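Q: Build the 3D model from these lines:
(chains A and B)
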Amino acid sequence: MPSRSCLRHVAAAFILAAVQPALFAQWLDYPTTGVPRTPDGKPNLSAPAPRTADGKPDLSGMWGWATIGPPCGARCTDLQIGWEFLNIARSLKGGLPYQPWAAELVKKRRADNAKDDPNVRCMPRGALRIWTDDYYKRIFHTPDRLLILTERNMQYRQIMTDGRPLPVDPNPTWNGYSTAKWEGDAMVIHTIGFRDDLWLDSDGNPLTNAAKVTEKIRRPNYGTLEVEITVDDPKAYTAPWTVTLHQPLVLNSELLDYYCLENERDFVHMVGK
Amino acid sequence: MPTTFAWRRSFFAAVIMMAAPPAALFAQWPSYPTPGVPRTPDGKPNLSAPAPKTPDGKPDLTGIWENFRAPAQTAVPNVKTAGPNDGVLPVLQTNNDFLALVKRSPFWNLGSSFKDGLPFQPWAAELHRQRVADDNKDNPDAHCLPMGMMQFHNHPEPRKMIQTPQVIVILYEANAGIRQIFTDGRPLPGKDADPWWYGYSTGHWEGDTLVVQSAGFRDLGWLDVEGSPLSDAAKITERYRRPDFGHLEIEVTIDDPKAYTKPWTVAVHQRIMVDTELIEFVCQENEKDAPHLTAK
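A: Numbering: from 1, shown residues only, chains lettered A, B, ... in the order given. Sure, this is the predicted structure:
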């Protein structure tokens, strides 16, 4: 049961979960340490980003997403999805450069009310939807990897920074295989090895097993994570395309225990038009 | 390796489904060398080398760990370990061999090594009996739900511990689960904490032992495949020790007066895995078992 009660975009059709009258005691108020403050004691979100021992920006922290309406924080009883959850390429003028079959597929998925979105069946949302997800994530920046824990389904993604090469012909996975290196203050992540049937958003924009994805992550200040995503998937798109997402830092909070499959009642009601 | 691989990846339901071993191993992360592994003169990992330490001098529990039945002579004194203590996994010839082995394991039945079984309260004994009579069909693991702390501890699929200064994270390959143990000094939440599958865990060091205390569990959880219950009154204490490079010993004490007449303790033995990585495993993907899980 989602205790961070909210307007969850649960499925293809909007299902508006009832807003819970009270928040239950969890670990939502434990103070984050090391937060820079303004003279009046408030968190200084525009302070410089912290650094790891080797001088790189420390990407650690609990991160949210850009909501459709004004942000209202981790104790919000009215959490909202982001536009990019619906369409990851919403900021691109002229839309995505679909291959013909991909354009047809997206049309069909929309006509079907996106009922076959793996998200609806409580499956993983895949690596890129972590950035557009309406669930919080916590990044652990360790010497040999970036570890992302996601609240949804209590699952994880690993990005290897230990110098290993990407695998050749790997078993396809939801998250793909990710390695990263630094270019200045940007961590540049390369990912391959996706499944052939992924959805990038609830519009059903596809990602195929031919995709090479590059994510450039910066922390321009204490309170912001900037994620520039380039999708190079010649099977589904005629040209590579790039979108940039901004994520707000969430203080004094913690991930909750949320498991989509628990008491799942939606799926049997999902139908196309 | 193929046998072990097939065994640990296919072992997940309440009713044992014998999946055919894959004919070949699929490429995931290729065998990438784990840095900092101590070696013997012949180049093999030296499992009995000293455990690594973090900069603050504590044992570093970071690593990928697999279940391991410790040799009898290294068993924790006064703590009973279920199953054969021969130190190696036997060669399995038939499904019946497999089932017989599994049913003696702590994963299946935590009480198997106690002379009189677990000290159930009467209602808990009845619930356990009913769950066994139902072929354990309601085990959350069989429905791709989180299986809770003890089934994860004893699960054949490996888990990775990542120790950071303020949090120790455990990634479970089984169902891609995660658990966080906070070592930043925060207290456990009060008794009104929203009940969680994994509960809430905080840890502190006592010498070279990480002592983890957990509370805030969901009621009527499953500690093993048979369904030995865990109630929402439970407090669990885990003591993690890494006596050498290759081994992790976890002593788990369950203090649950609602379900048990007295606290009891079991040991979990794990062994390091090097030059490998967790693979992606999503239980509910193409899940077809649930409709077939029925009581006798």
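
Q: going forward, measure contacts between C-alpha atoms and count neighbours the same way
A: Fine.

Q: For the lengthiest helix in chain A, buried residues please.
A: When chain A is parsed with DSSP state H, its longest helix is helix A:100-111. In terms of neighbour count (16 or more other Cα atoms under 10 Å in any protein chain shown), helix A:100-111 has its buried residues at A:A102, A:A103, A:L105, A:V106, A:R109, A:R110.

Q: How about stretch B:276-287?
A: Those would be B:E277, B:L278, B:I279, B:E280, B:F281, B:V282, B:C283, B:Q284, for stretch B:276-287 by 16+ other Cα under 10 Å.

Q: where exactly do the helices run in chain B?
A: Under DSSP H, chain B gives helices at B:2-10, B:95-103, B:122-133, B:148-154.

Q: The ones you listed: which one's closest to A:T38?
A: Evaluated over the helices of chain B, closeness to A:T38 peaks at helix B:148-154, with 41.7 Å, by Cα to Cα.

Q: Tell me the helices and strands packed up against the closest one.
A: strand B:221-222 (3 or more Cα pairs under 8 Å, 6 or more residues apart in numbering or on different chains; DSSP states H and E).

Q: What lies in contact with the strand it packs on?
A: The contact list for strand B:221-222 (Cα atoms under 8 Å, 6 or more residues apart in numbering or on different chains) reads B:N139, B:P140, B:M147, B:G148, B:Q151, B:W197, B:G227, B:S228, B:P229, B:L230, B:S231.

Q: residue contacts, the first one?
A: Counting by Cα under 8 Å, 6+ apart, B:N139 makes contact with B:A14, B:M147, B:W222, B:V225, B:E226, B:G227.

Q: closest point of the stretch 151-296 of chain B to chain A, which residue?
A: Distances between the stretch 151-296 of chain B and chain A by Cα to the nearest Cα are smallest at B:A193, namely 4.7 Å.

Q: Quick check: which element contains A:I88?
A: Per DSSP states H and E: A:I88 is located in neither a helix nor a strand.

Q: Alongside chain A, which residues does chain B contribute?
A: Residues of chain B lying close to chain A by Cα under 8 Å from any Cα of the partner chain are B:26-30, B:32, B:144-146, B:164, B:171, B:176-178, B:186, B:189-190, B:192-194, B:196-197, B:280, B:282, B:284-285.

Q: So which of those residues sit within strands?
A: B:L171, B:G177, B:I178 (DSSP state E).

Q: Next one: the second one, what pLDDT does it get?
A: What the model reports for B:G177 is a pLDDT of 85.

Q: and the gap between the closest residue to B:V225 other than its chain neighbours and B:A290?
A: Closest residue to B:V225 apart from its sequence neighbours, by Cα to Cα, 6 or more residues apart in numbering or on different chains: B:W108 at 4.6 Å. In this view, B:W108 and B:A290 are 19 Å apart by Cα to Cα, to the nearest Å.

Q: now do A:F140
A: 35 Å.

Q: And those two? Which one has more around it.
A: A:F140 (21 against 13; other Cα atoms under 10 Å in any protein chain shown).

Q: List the contacts of the more buried one.
A: A:L59, A:S60, A:G61, A:L146, A:L147, A:I148.

Q: so the closest residue to the first one other than its chain neighbours bridges to which residues?
A: Pointing back at A:L59 there. Using Cα to Cα, 6+ apart and skipping the chain neighbours, the partner closest in space to A:L59 is A:H141 (5.9 Å). A:H141 has these beta-bridge partners by DSSP bridges: A:L146.
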